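Asks: Give me coordinates for this.
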Amino acid sequence: MGRLMVLFVFFLPAVGNAEEAPKPVWLVVAREAFTGAVEPLAAHRAGDGLETVVSTEGVAEALAGLTRPPAYLLLVGDYEKGREAERWYLPTAQRPLYRWMLTQRMTFASDSHFGDLDRDGVQDIPVGRIPARNADEVSTVVQKIIAFENRKATTADLRLNLWGGTPNYGPAFDAVQTSFLLNSLRRDAPPWLDLWIISSDRNHPLCGWPADQPDLFSRRMAEGALINALMGHANADFFLSINVDGKELGYTADSAREILSQGAPSAPLLFFSCDSGNFARETPCMAESFLFFHAGPVATVAASTNSHPLTNYFTATSMAAELGGRTARYGDLWLDSQKKARNREVNFFTVVANELKEIEGKLEEEIDVDKLKGDQLLMYAFLGDPATRIRLPETLRGSVEKRDDGWFWRVDKPMGATALEVAFRLGKPPLLRQFGRSANRDEAMSRFGDANGQLGYSLLDPPANDAPWEGVVTKKGLLRLTATGPGVCATVVFELH
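Replies: Numbers count the residues shown, from 1 in each chain. Alright, predicted model coming up:
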């Protein structure tokens, strides 16, 4: 096959005698039929400060043709065994799976394998794929990415939307899973993060009305977030939330299609579950379907095979902690979280980890956690561009002073900021109690709204834009101040005590 390479290089004026650092390389390996559809994204990335290379060679050849390792690798084309003659065919790697159940497949599809540049079993760079079979699908994702990165900053960029499905590990474990989840977020997530949660525990107020959960989650995604996440059991077509009267209720691409077919693209969707990212099969998996919805997530991240609950727990909690950093792109956020999770250990003090270690069984005397963690790094497919920008907030400069009338706060207005949101929460996210099952939908949804209201921040009246950004709060708790504007999102949280 011939080779097409588009190279964008821009040089900035040198300052003194200082040698300019080379730009990070964004490498695209695409089928020839898709290079035209990729060009707008290549131009966008070039303007974004990346050195842009688009190649129609194989992955190994494209990597070998670079003068230095890339920072990001994007594959454009789909994979299905036996379809090598198709114009959309772009191979993936097959990795052996460390199994803990006899029913599991022996191997799994792994694009992340290509990011392990030194072949030491640890991914070095983020790898993404647009699993398209025609140019229109490529264009859909490309236009979503550009629109997502050009959108106006809002305080929705500080929100995590999370749906926790039933563990199905027995009544004792299932009864405390929502408390485990809330405890983890209290411990690991940054204090500015706004939480919105659906739980599968019918005795918990965060459950709401089970039949409404799919629409609730889709509409919440469409309203905006930093990240959307599903945690629980799944296959390539179905995410399980809850069992009601012997019937499994959950989430599918079809249940989200109407809501996510029109509107602005939503934030990435992460599936901490099995098989939801199995892009190597004949029909689209959930992660693929959501990626191609016009108002669906701008990227999806999901496992191409069975993922283990222990390593999913490690990755999810590591990602919550990574949100407190300054990562600029979603691919880096995901990879950094995975690497941090790889260093997590099971020990006496990690109660949840010890519970999860062998909860699904084992095929040898003791399950090998190191092998589970090694597979976890390589089994998750990042569908979309790993260089997609994440809008983690900058630090807003300000101060707070205790006075007789309360706490007087003041913040500096950043350049470009046009609005200030003043929000308050009583403290860390509460460990909401179970109340028993709701008798009807109205009661369930009232409890659901009240519970999520306690998890998130409530708005207070802001100062006028032409007035100094200052005010007084009279209650103890957490005060979050967030400045937004074109290209601006900066926040600070003050603990008032």
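Asks: And the pLDDT for the residue nearest to Asp368 when sequence neighbours are not counted?
Replies: Residue nearest to Asp368 in three dimensions, not counting chain neighbours: Tyr98, with 6.5 Å by C-beta to C-beta, 6 or more residues apart in numbering. No exception for glycine: its C-beta is placed from N, CA and C like everyone else's. For Tyr98, the pLDDT comes out at 98.
Asks: One more: Leu426?
Replies: Note on Leu426: pLDDT of 89.
Asks: what's near enough to touch it?
Replies: Contacts for Leu426 (C-beta atoms under 8 Å, 6 or more residues apart in numbering) come out as 454, 475-478.
Asks: The same query, at a cut-off of 10 Å, please.
Replies: Leu426 makes contact with 454, 458, 475-478, according to C-beta atoms under 10 Å, 6 or more residues apart in numbering.
Asks: Which ones among the residues you listed lie within strands?
Replies: 458, 477-478 (DSSP state E).
Asks: returning to that earlier point: which of the contacts of Leu426 are buried?
Replies: For the contacts of Leu426, burial is judged from neighbour counts taken by 16 or more other C-beta atoms under 10 Å, and it is met by 477-478.
Asks: On the three-state scheme, Ala302 is what?
Replies: When classified by DSSP: H, G, I helix; E, B strand; the rest coil, Ala302 comes out as strand.
Asks: now the strands for the stretch 201-350 of the chain?
Replies: Here the stretch 201-350 of the chain has its strands, by DSSP state E, counting those that start in this stretch, at 227-231, 239-244, 247-251, 269-272, 300-303.
Asks: what's the distance between the first one and the middle of its chain?
Replies: To tie it back to what came earlier, the one meant is strand 227-231. 6 Å (C-alpha atoms, centre = their mean, to the nearest Å).
Asks: Double-check the residue nearest to Asp368 against Gly374; I have them as touching.
Replies: Yes. Applying C-beta atoms under 10 Å as the test, Tyr98 and Gly374 come out as touching, 7.4 Å apart.
Asks: list the residues that contact both of these two?
Replies: Asp368.
Asks: What's the end-to-end length of stretch 241-255?
Replies: End-to-end distance for stretch 241-255: 13 Å, by C-alpha to C-alpha, to the nearest Å.
Asks: for the contacts of Leu426, which one is nearest Ser266?
Replies: Of all those, Ser458 has the smallest distance to Ser266: 23.7 Å, by C-beta to C-beta.
Asks: where in this protein is pLDDT low?
Replies: 1-19, 348-351 (pLDDT under 70).
Asks: at 50 what do you get?
Replies: 1-18, 348-349 (pLDDT under 50).
Asks: need the longest helix for it.
Replies: Criterion DSSP state H: the longest helix present in the chain is helix 171-188.
Asks: Run the angle between that helix and strand 227-231 for me.
Replies: 160 degrees (axes from the mean of the first three to the mean of the last three C-alpha atoms, to 10 degrees).
Asks: any idea how far Ala222 is from the residue lying farthest from the centre of the chain?
Replies: Computed with C-alpha atoms, centre = their mean, the residue of the chain farthest from its C-alpha average is Asp404, at 43.4 Å. Look at Asp404 and Ala222: by C-beta to C-beta, to the nearest Å, they are 45 Å apart.
Asks: Break the protein down into its structural domains.
Replies: Using automatic domain parsing, the domains assigned to the chain come out as 6-115, 135-383, 394-496.
Asks: Adding distance to Val127, write those out as JSON lines.
Replies: Output for the domains of the chain, formatted as JSON lines (distance: least, C-beta to C-beta, whole Å):
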{"stretch": "domain 6-115", "distance to Val127": "4"}
{"stretch": "domain 135-383", "distance to Val127": "6"}
{"stretch": "domain 394-496", "distance to Val127": "27"}
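Asks: Thank you kindly, that will do.
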